[in-house]
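1. turn this into a model:
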Amino acid sequence: MVLYVVNVSVKKEMQEEWLEWMKQVHIPNVINTGYFNKADIYTIILPAKGGDEISFSVQYQSESYEKFMSYTVKEAKRLQKEHKEKFGDRITVERIVFEKI
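-> Here you go, the predicted structure:
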């Protein structure tokens, strides 16, 4: 199993807009590619970002590294572009991949 983690920091004033779009549009679009079994979204409590930002962690589960890599080759750029076009420089994104042992 592979866990694809996307950590995102957003300005507090746009938090509701971002969360709504993620839940209604982006996460379903990622799941509908067929490369992931499920997705969960969390608020990052520690370490606290502070200031005028809040951080979230979106965690997608894939059955295998091969499926995850197929996603990165076939779908990731398009979906990341949609996210960037919607929110631009108002967000900061960090991506991490874990493989269960």
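
2. what about Val74, distance to Ile44?
-> Careful, residue 74 is Lys; it's not Val. From Lys74 across to Ile44, the span is 29 Å (Cβ to Cβ, to the nearest Å). In this view, the C-beta of every residue, glycine as well, is placed from N, C-alpha and C.

3. looking at the two, which is more packed in?
-> More crowded of Lys74 and Ile44, by other Cβ atoms under 10 Å: Ile44, with 14 against 11.

4. that one is in contact with Gln59, isn't it?
-> No. Look at Ile44 against Gln59 with Cβ atoms under 8 Å: they stay out of range, at 11.3 Å.

5. who touches stretch 25-38?
-> 4, 39, 41, 58, 60-63, 67-68, 70-71, 74-75, 79, 82-83 (Cβ atoms under 8 Å, 6 or more residues apart in numbering).

6. which members of those residues occur in helices, if any?
-> Mapping those onto helices (DSSP state H) picks out Lys67, Phe68, Ser70, Tyr71, Lys74, Leu79, Glu82, His83.
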